[in-house]
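Undergrad: Structure of the sequence below:
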Amino acid sequence: MALIKANQSTKHDRWLAIFGTMGVGVVSFDSKIKSLSTDTVYSIAHTSTSGQTVGGLNRGLSGASTALEVPFSLGAKLKLSRSFDLGLEVAMHVVNSDKLDAFVENENTPFKSNKDKYAFAGLGLTYKFVGKDKNNQYIEWKDPVEVMYDDFKIVKDQVTRLSTDSDNDGISEMYDKEPNTPVGSKVYGNGTSVDSDNDGVPDLRDRDLFTPAGCSVDTAGIAMDIDKDGVPDCLDKEANTLADALVDIHGITIPKPPPSTGFIMPTVYFDTNSSIVKTTSYPDLAALAKYMQLRPEAKIQILGNADVRGSESYNKGLGTKRANSVKDFLVKYYQIDESRIAIESAGESQQLYPKVYTVNRRVEIQEIQGDQNNQDNHQDQQNQQDQQNQEDQK
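TA: Prediction:
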């Protein structure tokens, strides 16, 4: 008895089954009738012999025999549960022989059948191994015609889904994981819209097809940028940049250069192995002093340089001497506060043109701007504090 899967609803399930059977078979038998008292054989199932009767029936005289039979039955089965059925069956077997009971009727007796019959009735309880799947049912409890129509409907539904493409993306409904793809969208083989940067916004609506991995995006596929500095939040190392600030690729603010004053800081050149300021540089230094007098907050850095002739340590010291010469010139002749002038030596490390010694024997002057100026002020204050502490200790 077969199990089938309930493909549709359970409306076709039955609780009572009535059945009938009929067939053709062959029965072999070797029937004997014995005396109860002496165990003597009175008759066997074979051809009758005239005059040899017992109780008015002709006796058979020889052994086993074979005959055709027609069995038929009528029964009913009640479904108690998915696992248990209660059944009742009555069966009749008609044998094409009169020898099954070891006697044959008198052939001259009218209205007598020469075919033996036997019947039985049975009451049974059936247990079915249906498993845990509640959709599994034995086929005897399903209407075969309706089950067939159910199967046809499933096939029809599958064919319909294969031939239907509601969003016209070229993928049938059966395999389309995105049945509402917007018109014009390019799709993958499973019907989902192409999303090149995997930001969750289909390329059709994505205004930024190259969103960096891991970035949150808006409905247009543009990476979130809270401070509007042009750098996505997922890459922005300074998330609260001020409006209109200039930033680098990491979103860090680039300091704005100070407004130009129009004044060009001079370069002072020296003779070979000399730290004496030449008279040709006087006009440039006078202009520098004038600039610093008009801008009391301005500070400068003087960087001394030398050519490559001589040892590295000697040239380092020569650069310092040249820077100090320019500083002393400004302090002595123009009363510029020496705290506004920083000294440094590059020695021979910053050659403009290695083979042109003249341009390498120089002092470069730069104005100290912004944070550097503040650091210098702090350093000056620290130096003054250290000097005061030393005097107090004395």
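
Undergrad: So which residues of the stretch 151-300 of the chain form strands?
TA: 267-269, 299-305 (DSSP state E, counting those that start in this stretch).

Undergrad: Redo the ones you listed as a markdown table? Include mean neighbour count, mean pLDDT and distance to Q293.
TA: Bear in mind the C-beta positions are built from the backbone N, C-alpha and C, glycine included. Compiled in a markdown table, the strands of the stretch 151-300 of the chain are given as follows (neighbours: other C-beta atoms under 10 Å; pLDDT from 0 to 100; distance: least, C-beta to C-beta, whole Å):
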| stretch | mean neighbour count | mean pLDDT | distance to Q293 |
| --- | --- | --- | --- |
| strand 267-269 | 19 | 97 | 19 |
| strand 299-305 | 22 | 97 | 13 |
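
Undergrad: These: which one's closest to L125?
TA: Of all the strands of the stretch 151-300 of the chain, strand 299-305 sits nearest to L125, with 108.9 Å by C-beta to C-beta.

Undergrad: Show me what the closest one pairs with in its sheet, parallel or antiparallel.
TA: Here strand 299-305 is paired, per DSSP bridges, with strand 341-347 (parallel), strand 362-368 (antiparallel).

Undergrad: quick check: angle from the helix or strand following that strand to strand 362-368?
TA: Following strand 299-305 in sequence order, the next helix or strand is helix 312-334 (DSSP states H and E). Interaxial angle, helix 312-334 versus strand 362-368 (axes from the mean of the first three to the mean of the last three C-alpha atoms, to 10 degrees): 60 degrees.

Undergrad: can you pull the buried residues of helix 312-334?
TA: 315-320, 322-327, 329-330 (16 or more other C-beta atoms under 10 Å).

Undergrad: L303: which of these is nearest?
TA: Using C-beta to C-beta, the buried residues of helix 312-334 come closest to L303 at A323, 6.6 Å.

Undergrad: G25 versus the closest one, what's the distance?
TA: According to C-beta to C-beta, to the nearest Å, A323 and G25 sit 128 Å apart.

Undergrad: do the same with N96
TA: N96 sits 10 Å away from G25, going by C-beta to C-beta.

Undergrad: Can you work out which residues contact both of those two?
TA: Common contacts of N96 and G25 (C-beta atoms under 8 Å, 6 or more residues apart in numbering): 68-70.

Undergrad: Emit the PyMOL select command for whichever of the residues you listed are buried.
TA: Here is the PyMOL selection string for the buried members of the shared contacts of N96 and G25, based on 16+ other C-beta under 10 Å:
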select buried, resi 69
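
Undergrad: mind checking which of the strands paired with strand 299-305 is nearest P266?
TA: strand 362-368 (6.1 Å).

Undergrad: Need the single longest strand in this structure, by residues.
TA: With secondary structure taken from DSSP state E, the chain has its longest strand at strand 65-79.

Undergrad: Who has more neighbours out of N96 and G25?
TA: N96 (15 against 11; other C-beta atoms under 10 Å).

Undergrad: wouldn't that one be in contact with V27 here?
TA: No - under the criterion of C-beta atoms under 8 Å, N96 is not in contact with V27, lying 9.0 Å apart.

Undergrad: what residues are shared contacts of the two?
TA: 67-69.

Undergrad: Would you convert these into TSV that also reports pLDDT and distance to K299?
TA: Below are the shared contacts of N96 and V27 laid out as TSV (pLDDT from 0 to 100; distance: C-beta to C-beta, whole Å):
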residue	pLDDT	distance to K299
A67	89	134
L68	94	131
E69	95	129
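
Undergrad: Of the residues you listed, which is the nearest to V363?
TA: For the shared contacts of N96 and V27, the closest approach to V363 (C-beta to C-beta) belongs to E69, at 133.8 Å.
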